[in-house]
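K.L.:
sequence first, predicted model second:
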Amino acid sequence: QVQLVESGGGSVQAGGSLRLSCAASGRSIDTLTMGWFRQVPGKEREFVAAMSSTWTGGRTTYTNSVKGRFTISRESAKNTMYLQMNSLKPEDTAVYYCARAITADPVTAEKQYNYWGQGTQVTVSS
């Protein structure tokens, strides 16, 4: 069993930054792909970023709307994943979820993830 706990959400003005954390327990975050998703009320959950396992090189992938602004990373010693979010925009407002995939490749489909955190709210005001 894997437990994922997000933190670091909050309210920020447009152009600001936040760093989300995802602390994992029960399994290592190094062995399979870890990802971030977000969801706005009334919409489907959307892929944000993923990092593949260390065995497959820790490859990263991002949705186009966050490329150049968000960075996913991993600190193995703390079994924690991060999402550094810079130059935030109002359209980044959402609940952000971390998730652990069923594969070691940097997948983007929600169905490829089987463990999820409870989510953390990010609100960006204009």
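P.N.:
Nice, thanks for sending it over.

K.L.:
surely Gly119 is in contact with Arg45?
P.N.:
No: judged on C-beta atoms under 8 Å, Gly119 makes no contact with Arg45 at a distance of 9.7 Å. Where you see a C-beta, it was placed from the backbone N, CA and C, and this is true even at glycine.

K.L.:
list the contacts of Arg36.
P.N.:
No Arg there; residue 36 is Trp. Applying C-beta atoms under 8 Å, 6 or more residues apart in numbering to Trp36 gives the contacts Leu20, Cys22, Val48, Ala49, Ala50, Ile72, Met81, Leu83, Tyr96, Tyr97, Cys98, Ala99.

K.L.:
direction included, what does whatever helix or strand Leu20 lives in pair up with?
P.N.:
Applying DSSP states H and E as the criterion places Leu20 in strand 18-25. Strand pairing for strand 18-25, determined by DSSP bridges: strand 3-7 (antiparallel), strand 80-85 (antiparallel).

K.L.:
name the SS class of the closest residue to Tyr82 other than its chain neighbours, please.
P.N.:
What sits nearest to Tyr82 in space, not counting adjacent residues and going by C-beta to C-beta, 6 or more residues apart in numbering, is Ser73, at 4.9 Å. Under DSSP: H, G, I helix; E, B strand; the rest coil, Ser73 falls in the strand class.

K.L.:
Thr80 is in contact with Ser73, correct?
P.N.:
No: between Ser73 and Thr80 there is no contact under C-beta under 8 Å: 9.4 Å.

K.L.:
now do the buried residues in the host helix or strand of Phe37.
P.N.:
In this assignment (DSSP H and E), Phe37 forms part of strand 34-39. Neighbour-count burial for strand 34-39, counted by 16 or more other C-beta atoms under 10 Å, picks out Met34, Gly35, Trp36, Phe37, Arg38.
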